[in-house]
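Novice: heads up, no residue letters with this:
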């Protein structure tokens with residue numbers, strides 16, 4: 001899941017592992033924890049696959065920094081990852097956010113495909129929440145519990161509807177852009 005983020009970071013410029021780690025921590029937010037045991041094995045795998053290069057650079061007389069850079073194969077891998085379909089799983093929103101932050105590296109058709117896939121994901125979830133609300137309305141349960149469950153589902157519905165509206169607006173904006 002973090003591969004797209006790392007490759008996207010290296011599309012900008014070469015970076016040392018600590019900087020990539022700090023940016024990843026900011027990108028995932030304050031709740032999700034990213035350990036060195038997640039990032040550095042990923043960087044090693046990317047190097048082993050030939051997608052990322054590694055060099056050491058002296059830093060203020062202390063231990064040498066490992067600097068990671070993107071190879072041509074890594075650029076191709078990044079473009080493949082950006083064009084790959086969004087999977088409907090618990091990480092879909094985060095992956096969408098990663099991809100969207102790197103839209104400036106891909107053509108308009110890839111941006112639109114990503115937005116359309118996310119719209120499909122949101123619509124799928126909205127249909128699920130709506131059907132669950134209908135089911136809970138008729139399910140036998142304590143009335144106070146039903147009330148709170150339906151409020152929770154109503155909240156989820158409103159959030160999804162707002163997200164759907166936002167994505168539709170983004171699609172219109174991208175459609176109006178001149179393709180580069």
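Specialist: Arrived safely, thanks for sending. Bear in mind the structure is a predicted one, so any value in this text is a computation, not a measurement. Numbering: from 1, shown residues only.

Novice: What helices and strands are in contact with the longest helix that the chain contains?
Specialist: For the chain, the longest helix by residue count, based on DSSP state H, is helix 143-176. The criterion is 3 or more C-beta pairs under 8 Å, 6 or more residues apart in numbering; DSSP states H and E, and the helices and strands that helix 143-176 contacts are helix 108-138. In this view, the C-beta of every residue, glycine as well, is placed from N, C-alpha and C.

Novice: what's the angle between the longest helix of the chain and helix 108-138?
Specialist: Angle of helix 143-176 versus helix 108-138, following axes from the mean of the first three to the mean of the last three C-alpha atoms, to 10 degrees, is 160 degrees.

Novice: Now helix 143-176: buried residues?
Specialist: The neighbour-count criterion (16 or more other C-beta atoms under 10 Å) identifies 149, 153, 156, 157, 160, 163, 164, 167, 170, 171, 174 as the buried residues of helix 143-176.

Novice: where does the protein have low pLDDT?
Specialist: Low-confidence regions of the chain, defined here as pLDDT under 70, cover residues 180.

Novice: I'd guess residue 88 is in a strand, am I close?
Specialist: No - in this structure, residue 88 is coil, not part of a strand, as judged by DSSP: H, G, I helix; E, B strand; the rest coil.

Novice: what sits against it?
Specialist: 121, 124 (C-beta atoms under 8 Å, 6 or more residues apart in numbering).

Novice: Since that was my last question, I'll sign off now.
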